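Visitor: Predicted coordinates and the sequence they were generated for:
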Amino acid sequence: MRFIREKTLHFQHCDPAGIIFYPQYFVLFHEVLENWWTEGLGIPYGDYIRRHRLGVPAVRTEAEFLAQAWLGDVLRFELAVTRLGQSSLDYCIDAWRGETLCARGTCTVVQSSLETRKSVPFTGSLRERLQAFLEA
C-alpha cells in the first residue's frame with residue numbers, strides 16, 4: 001500500500017526561473033512523511049513528538065531528480081515503506097507530474113526517544129500500521 005498526497009508547487013519552492021529548487025524536494029518529502037504519519041498511520045505527528053516524546057530523525061537520505069517541475073505544477077507524492085527494522089525503517093517517495101516521474105527520494109529514519117536520544121523499537125499497533133505500507 002502507498003500513501004498518496006498531491007501538492008501544488010508554490011513560489012516558495014522555486015528558483016528565479018520558476019523551476020522547483022532541488023532542496024525544496026526534501027522539505028516536501030518531509031511534509032509527506034508528516035501527512036502519512038497523521039493520516040496514513042492515524043497518529044497525529046505533533047502528538048507523536050509532543051505527547052509521546054518520540055521522533056523519527058533521518059539518518060540517511062538521497063534523491064534523484066529526473067525531470068523538471070514548475071511553479072504551479074501539481075505533483076503526486078507516493079510514499080511506501082521499503083524496509084521495516086526493529087527501530088528503523090526505509091521509505092521511498094516518488095514525485096509524479098502526471099505520468100512523468102520528476103523525483104525520487106529515499107530515506108532511513110530511526111524511531112528515537114526525545115528524552116534519552118536512543119533508538120526505540122516500533123511495537124504494537126504502530127508496527128502493524130507501518131507493516132501495512134511495506135512493499136515486497
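Guide: That came in fine, so what should we check first?

Visitor: chain center to the strand or helix carrying Gly105: distance?
Guide: Gly105 belongs to strand 100-110 when assigned by DSSP states H and E. The chain centre lies 8 Å from the centre of strand 100-110; the measure is C-alpha atoms, centre = their mean, to the nearest Å.

Visitor: list the contacts for the residue most central in space within the chain?
Guide: Residue closest to the mean C-alpha point of the chain, counted by C-alpha atoms, centre = their mean, is Leu33 at 3.1 Å. Contacts for Leu33 (C-beta atoms under 8 Å, 6 or more residues apart in numbering) come out as 56, 79, 91, 93, 107, 109. No exception for glycine: its C-beta is placed from N, CA and C like everyone else's.

Visitor: Ramachandran angles for it?
Guide: Here is the backbone geometry of Leu33 (degrees, to the nearest 10): phi -60, psi -50.

Visitor: Tell me the confidence at it?
Guide: What the model reports as pLDDT for Leu33 is 97.

Visitor: Helices of this protein, start to end?
Guide: Counting by DSSP state H, the chain has helices at residues 23-35, 45-50, 124-131.

Visitor: can you tell me which of the ones you listed comes nearest to Leu66?
Guide: With C-beta to C-beta, the closest approach to Leu66 among the helices of the chain belongs to helix 23-35: 11.0 Å.
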